[in-house]
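A.B. asks: Dropping the sequence and predicted coords here.
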Amino acid sequence: MSRFYVPPECVADGKIMIRGDELHHARDVMRLASGDVIAAFDGSGKEYHGVILDVGKEQMTVRIDKTIERKVEGCRLILVQALPKLDKMDLIIEKATELGVAKIIPVTTGRTVVRTDAKKENSKAERWRKITLVAAKQCGRSTIPEVMPVTGFADALKALNDAEIKIIPSLSGNTKALKEVLKGRKVKSAAVFIGPEGDFTEKEINDAEAAGAIPVSLGPEVLRSETAAICALSVLNYELRW
C-alpha cells in the first residue's frame, strides 16, 4: 500500500487532501487513480487508510476508512550531532529517523570542519526536513523527527536540561562502557552527543560532564562520525525504547 505524508490541517470531515510534492508523487510518479487504496500519516502519531475519491490538478481527495493512532512508546531519543564533512549528515538524518529519534540538533564544535552561512543553513535545513519525511514514510513511522537549526555546542548543552540521561561517546581514556551506563536504566528521555572527525575537544567533554553528560566508549575501534551515531542510537533504541 502506498504511503504519504499529509499535514494535520489537510485532514478534515473524514477526508484527506494530498497536495504539493506528495500529490506529484502520487499522481505523476505512482500513477494512482480514483478507487486506489492508500495510507497516509500526519506526523503527530495518526495514520489513515482510505480510498482515493478524486485526483485533480491541485489536490487528491481521499476518503478515510480507518484511523490508527500510534502511541510513541519508550524513551524519547535526542541526537546532538556535530556537523560532519561532505554529505554524511544526510545519511545520519536518514538513519536517525529510522531508529526512532525524536529530535536532531546539528552543532558546530571546536573541531568541526564544516562552516556554513545563514543561506546555506536554510538550504540544508530544508533538505534535512525532506530526508526525515522520506525516511519516515519508508520505515513506517507515524511521527517525524524535529530537526533544529544549527547551533553551537554550548547552546546545545543548555537545550538538553530536560533529558534524563545524557551520554557523550569519546575517544579519551576516561570513559565508561556504554552497556554498563545503560544497564538497568528506565528513563523517558535520553540524549547522545556525537562528535566530528577528530572527536570533541577536552574542554567540550568537560563542559558536557559539568552539564550531566556521561563520557562513554563505543568499543575499541575508532568509528567514523556517521558510524558512531548509528551505533550509539541502535544501542539506545534497543536498551531504552523497547
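C.D. replies: Perfect, I can see it now.
A.B. asks: show me what contacts the closest residue to G74 other than its chain neighbours?
C.D. replies: Spatial nearest neighbour of G74, excluding adjacent residues (CB to CB, 6 or more residues apart in numbering): R241 at 3.5 Å. Heads up, the C-betas are built off the backbone N, CA and C, glycines and all. R241 is in contact with E73, G74, C75, L77, G100, counting by CB atoms under 8 Å, 6 or more residues apart in numbering.
A.B. asks: swap the cut-off to 10 Å and go again
C.D. replies: V72, E73, G74, C75, R76, L77, L99, G100, A190, L233 (CB atoms under 10 Å, 6 or more residues apart in numbering).
A.B. asks: wait, doesn't the fourth one sit right on E164?
C.D. replies: Yes - at 8.3 Å, C75 counts as touching E164 under the criterion of CB atoms under 10 Å.
A.B. asks: who's more crowded, those two?
C.D. replies: Counted by other CB atoms under 10 Å, C75 and E164 do not tie: C75 has more neighbours, with 23 against 15.
A.B. asks: Would you quantify the distance from the residue lying closest to the more buried one once chain neighbours are set aside to V101?
C.D. replies: In space, not counting the residues next to it along the chain, C75 is nearest to L240; the distance is 3.8 Å by CB to CB, 6+ apart. Separation of L240 from V101 (CB to CB, to the nearest Å): 12 Å.
A.B. asks: one step back: any chance of TSV for the contacts of R241, columns pLDDT and secondary structure?
C.D. replies: Compiled in TSV, these are given as follows (pLDDT from 0 to 100; DSSP: H, G, I helix; E, B strand; the rest coil):
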residue	pLDDT	secondary structure
V72	66	coil
E73	63	coil
G74	77	coil
C75	90	coil
R76	93	strand
L77	95	strand
L99	95	coil
G100	92	coil
A190	95	strand
L233	95	helix
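A.B. asks: what sits up against the helix or strand of the chain with the lowest mean pLDDT?
C.D. replies: Taking mean pLDDT, DSSP states H and E as the measure, the chain has helix 118-139 as its least confident helix or strand, at a mean of 86. Identification of contacts with helix 118-139 by CB under 10 Å, 6+ apart yields 2-5, 21-22, 25, 39-41, 43, 83, 87, 89-101, 104, 106, 114, 116, 141-150.
A.B. asks: Does E146 touch A96 like I think?
C.D. replies: No - if you go by CB under 10 Å, E146 and A96 don't touch, sitting 11.3 Å apart.
A.B. asks: Who has more neighbours out of these two?
C.D. replies: Set E146 next to A96 and count neighbours by other CB under 10 Å: A96 wins out with 27 against 14.
A.B. asks: got the CA coordinates for the least confident helix or strand of the chain in PDB?
C.D. replies: Extracted C-alpha coordinates of helix 118-139, given in PDB (Å, rounded to 0.1, in the frame of the first residue of the first chain):
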ATOM      1  CA  ALA A 118      22.700  31.500   7.100                       C
ATOM      2  CA  LYS A 119      21.700  31.000   3.500                       C
ATOM      3  CA  LYS A 120      23.400  27.600   3.300                       C
ATOM      4  CA  GLU A 121      22.000  26.600   6.700                       C
ATOM      5  CA  ASN A 122      18.400  27.300   5.500                       C
ATOM      6  CA  SER A 123      19.000  25.200   2.400                       C
ATOM      7  CA  LYS A 124      20.400  22.400   4.400                       C
ATOM      8  CA  ALA A 125      17.600  22.500   6.900                       C
ATOM      9  CA  GLU A 126      15.000  22.200   4.100                       C
ATOM     10  CA  ARG A 127      16.900  19.200   2.600                       C
ATOM     11  CA  TRP A 128      17.200  17.500   6.000                       C
ATOM     12  CA  ARG A 129      13.400  18.000   6.600                       C
ATOM     13  CA  LYS A 130      12.700  16.300   3.300                       C
ATOM     14  CA  ILE A 131      15.000  13.400   4.300                       C
ATOM     15  CA  THR A 132      13.100  12.900   7.500                       C
ATOM     16  CA  LEU A 133       9.800  12.800   5.600                       C
ATOM     17  CA  VAL A 134      11.100  10.200   3.100                       C
ATOM     18  CA  ALA A 135      12.700   8.100   5.800                       C
ATOM     19  CA  ALA A 136       9.500   8.200   8.000                       C
ATOM     20  CA  LYS A 137       7.400   7.100   5.000                       C
ATOM     21  CA  GLN A 138       9.800   4.300   4.200                       C
ATOM     22  CA  CYS A 139      10.200   2.900   7.700                       C
END
